[in-house]
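Peer 1: Okay, structure incoming, though there's no sequence with it:
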Ligand code: GDP
Ligand code: IMO
Ligand code: MG
């Protein structure tokens, strides 16, 4: 039995949802342990496109249990909407979904504060998804957050909410924003709480019992390594630990029960929002956007695009302890020739091979590239490594070598079948 942590090895949107969908076939339980509905994980299933925000991508497979762990921040209104949306598309949601009673709530004032803080930062903004993620994790760290357990006790919830609303409305007013009606939030949240109640559980106990019974767990990372609050390109990051350790703290499953870490990375690099992206390339972005690719699954924003950055992915391998690699979107490079790969940075005249911790220094880094020949033909129909053109095999081999982990999956299209398992 192998418990697997799947992490994004770049800046998010690496294709984690698609790889989770592939791997869920062999797992019993899929767990989200951090982030919130800032995530957008795309899965093509039965010819339909699903975008999961809070619910683990395993929900599309029958007989798999999905857990939203204690480390996730939950907007209950958004979660109810997601459940209803999936049910309308024919997905069964019942005893296959569990929600941790320790997960913190995202409230409307978190969203309003997220928006206000971004507005006030002007050009220095982070480019958040405006889902209230930063303020919600801020309250959690300040020990003033409300949790699912509070929502399950209507009287207690209303009392705590009244105090929180008073405090946050005065902050919003001071920022020049409109105050929010406490009565409306109270009514909306209690209604959502009632809908969520059947799913709420002590998920830590559930997961430990499952482990005892020999079940196999897949931890579905959200965001990516360089959006991690500790290890990412601070301050242009999200507010949770997106790296492998987050799977433990965000689920209550201890490190020694984790068997492998799978890093998912695109064959090139993308990023949404602000912050440095050393290998950014306008021509590559234009080509990918013209192909209809690289628009955000949550906000619809055009993603910034660049060449594969091995300085970044090598660092991601180290932080996460990545032993296996999944390379996605190889087909995005089908018409690119030559293909550049960043193998080092120049910072203020010096060659470095580790990303600097300081955002301004990272922004000054000039990539050092090597060029590899393109393959100039479609890879979308490849189903095994031998089906790939020789140049494509060399390319994936080279990026695995530079990243320093074993290549086990190559993805050549968004559908489950367009996957090479090595
Ligand atoms: P996630 O957040 O990591 O789950 O990734 P997103 O779903 O936000 O973005 C990845 C995008 O790439 C989605 O539109 C996927 O359907 C798509 N995708 C994933 N793997 C492949 C692939 O190998 N080829 C192509 N063409 N699309 C892919
Ligand atoms: P998945 O799971 C890509 C980015 C935002 C912004 C920064 C902070 O689909 O890979 P936040 O709203 O979290 O405070 O925004 O993080 N971001 C993501 N970028 N994929 C995601 O999730 C992201 N979640 C947040 O664009 O730059
Ligand atoms: Mg995404």
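Peer 2: Happy to help now that I have it. It should be emphasised that the depicted structure is a prediction, and the values quoted were computed from it without experimental measurement. Ligands and ions are numbered 1, 2, ... in the order given.

Peer 1: Do a quick rundown of the helices in the stretch 201-350 of the chain.
Peer 2: Assigned by DSSP state H, counting those that start in this stretch, the helices in the stretch 201-350 of the chain fall at 203-212, 245-249, 282-290, 310-320.

Peer 1: between these, which gets nearest to residue 390?
Peer 2: Residue 390 lies closest to helix 310-320 among these, at 20.8 Å (CB to CB). Every C-beta, even on glycine, is put in place using the N, C-alpha and C of the backbone.

Peer 1: so, in contact with ligand 1 or not, the closest one?
Peer 2: No: using CB under 6 Å from any ligand atom, helix 310-320 stays clear of ligand 1, coming no nearer than 13.7 Å.

Peer 1: That helix packs against which elements?
Peer 2: For helix 310-320, the packing partners by 3 or more CB pairs under 8 Å, 6 or more residues apart in numbering; DSSP states H and E come out as strand 4-8, strand 260-266, strand 339-347, helix 390-403.

Peer 1: Output those as JSON lines; include the columns distance to residue 109 and mean pLDDT.
Peer 2: Formatted as JSON lines, the helices and strands packed on helix 310-320 follow (distance: least, CB to CB, whole Å; pLDDT from 0 to 100):
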{"stretch": "strand 4-8", "distance to residue 109": "29", "mean pLDDT": "98"}
{"stretch": "strand 260-266", "distance to residue 109": "34", "mean pLDDT": "98"}
{"stretch": "strand 339-347", "distance to residue 109": "40", "mean pLDDT": "98"}
{"stretch": "helix 390-403", "distance to residue 109": "41", "mean pLDDT": "98"}
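
Peer 1: Kindly reformat these as JSON lines containing distance to ligand 1 and mean neighbour count.
Peer 2: Listed next are these as JSON lines, based on distance: least, CB to the nearest ligand atom, whole Å; neighbours: other CB atoms under 10 Å:
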{"stretch": "strand 4-8", "distance to ligand 1": "6", "mean neighbour count": "27"}
{"stretch": "strand 260-266", "distance to ligand 1": "7", "mean neighbour count": "25"}
{"stretch": "strand 339-347", "distance to ligand 1": "16", "mean neighbour count": "20"}
{"stretch": "helix 390-403", "distance to ligand 1": "12", "mean neighbour count": "18"}
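
Peer 1: how about CSV for the ones you listed, with distance to residue 323 added?
Peer 2: Converted to CSV, the helices and strands packed on helix 310-320 look like this (distance: least, CB to CB, whole Å):
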stretch, distance to residue 323
strand 4-8, 10
strand 260-266, 5
strand 339-347, 22
helix 390-403, 11
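
Peer 1: To ligand 3, which of those lies closest?
Peer 2: Among these, strand 4-8 comes nearest to ligand 3, with 8.5 Å by CB to the ion.

Peer 1: That closest one to strand 260-266, inter-axis angle?
Peer 2: 30 degrees (axes from the mean of the first three to the mean of the last three CA atoms, to 10 degrees).

Peer 1: gap between the helix or strand following strand 4-8 and the chain center?
Peer 2: Next helix or strand after strand 4-8 toward the C-terminus (DSSP states H and E): helix 16-24. Centre-to-centre, helix 16-24 and its host chain are 13 Å apart (CA atoms, centre = their mean, to the nearest Å).

Peer 1: Any chance you could list what contacts helix 16-24?
Peer 2: If you take CB atoms under 8 Å, 6 or more residues apart in numbering as the criterion, helix 16-24 is touched by 4, 6, 8, 30, 41-45, 51-52, 56-58, 60-61, 64, 218, 220-222, 262, 264, 326, 328, 409, 411, 414, 416, 419, 421.

Peer 1: repeat that for 7 Å
Peer 2: With contact meaning CB atoms under 7 Å, 6 or more residues apart in numbering, helix 16-24 is reached by 4, 6, 8, 30, 41-43, 45, 52, 57-58, 60-61, 64, 218, 220-221, 264, 326, 328, 409, 411, 414, 416, 419.

Peer 1: likewise stretch 334-342?
Peer 2: 278-279, 307-311, 333, 367-379, 395, 398-399, 402.

Peer 1: Show me what from this protein comes close to ligand 3.
Peer 2: Within reach of ligand 3 by CB under 5 Å from the ion, the chain has these residues: 13, 40, 297.

Peer 1: Is the first one in contact with residue 270, as I believe?
Peer 2: Okay, so that is residue 13. Yes: judged on CB atoms under 7 Å, residue 13 makes contact with residue 270 at a distance of 5.8 Å.

Peer 1: Quick one: buried ones out of the contacts of helix 16-24?
Peer 2: Restricting the contacts of helix 16-24 to buried positions leaves 4, 6, 8, 30, 41-43, 45, 52, 57-58, 60-61, 64, 218, 220-221, 264, 326, 328, 409, 411, 414, 416, 419, with burial counted as 16 or more other CB atoms under 10 Å.

Peer 1: Domain ranges for this protein, per the record?
Peer 2: 4-100+200-261, 104-196, 265-421 (automatic domain parsing).

Peer 1: Could you tell me the end-to-end distance of the last one?
Peer 2: Length of domain 265-421, first residue to last, CA to CA, to the nearest Å: 15 Å.

Peer 1: Cross the contacts of stretch 334-342 against strands and list the overlap.
Peer 2: The strands, defined by DSSP state E, take in 308, 309, 367, 368, 369, 370, 371, 372 from those.

Peer 1: Got a quick PyMOL command for the buried subset of those residues?
Peer 2: In PyMOL, a selection of the buried entries from the ones in strands among the contacts of stretch 334-342 looks like this (16+ other CB under 10 Å):
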select buried, resi 308+309+367+369+372
